[in-house]
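Colleague: Kindly generate the corresponding structure for this input.
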Amino acid sequence: MSGLHTPASTADVTLSPHITTIGSYSLVVARALEVSGIDSARIFKSVGIPLDVVNDPLTRIPVAQMNALYRACVDV
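Modeller: Got it, this is the predicted structure:
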């Protein structure tokens with residue numbers, strides 16, 4: 001396990017804009033927001049994720065942008 005680096009906190013991690021995740025994960029977030037009575041379109045717009053692309057199984061979203069989405073969800 002030598003050679004592995006574990007950051008002291010998540011603030012120590014800088015995510016490359018090239019690291020992506022499956023875009024459809026955000027669809028689940030949108031549905032959870034809507035069920036909770038929160039306008040998901042407003043939240044997604046605030047972090048720059050267009051809702052019209054999250055249904056496409058080939059869509060990839062930068063991990064940093066997904067993290068911004070998660071933070072925005074916590075803030076509402």
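Colleague: my guess is Val29 contacts Arg71, does it?
Modeller: No: counting by Cβ atoms under 8 Å, Val29 sits too far from Arg71 to count as a contact (11.7 Å). Where C-beta positions appear, they are placed from N, C-alpha and C, glycine not excepted.
Colleague: ok, these two, which is more surrounded?
Modeller: Val29 (19 against 10; other Cβ atoms under 10 Å).
Colleague: Was I right to think Ala72 contacts Lys45?
Modeller: No: the pair Ala72 / Lys45 is not scored as a contact, 10.0 Å apart, by Cβ under 8 Å.
Colleague: between these two, which one's more packed in?
Modeller: Ranked by neighbour count (other Cβ under 10 Å), Ala72 and Lys45 place Ala72 first, with 17 against 12.
Colleague: secondary structure class for that one?
Modeller: helix (DSSP: H, G, I helix; E, B strand; the rest coil).
Colleague: How about Ser26?
Modeller: What three-state DSSP gives for Ser26 is helix.
Colleague: Look at the residue nearest to the spatial centre of the chain and report its pLDDT.
Modeller: Among the residues of the chain, the one closest to the centroid is Met66, at 1.4 Å (Cα atoms, centre = their mean). Met66 is assigned 94 on the pLDDT scale.
Colleague: same question, Ala8
Modeller: 45.
Colleague: The residue nearest to the centre of the chain: which element?
Modeller: Using DSSP states H and E, Met66 falls within helix 63-75.
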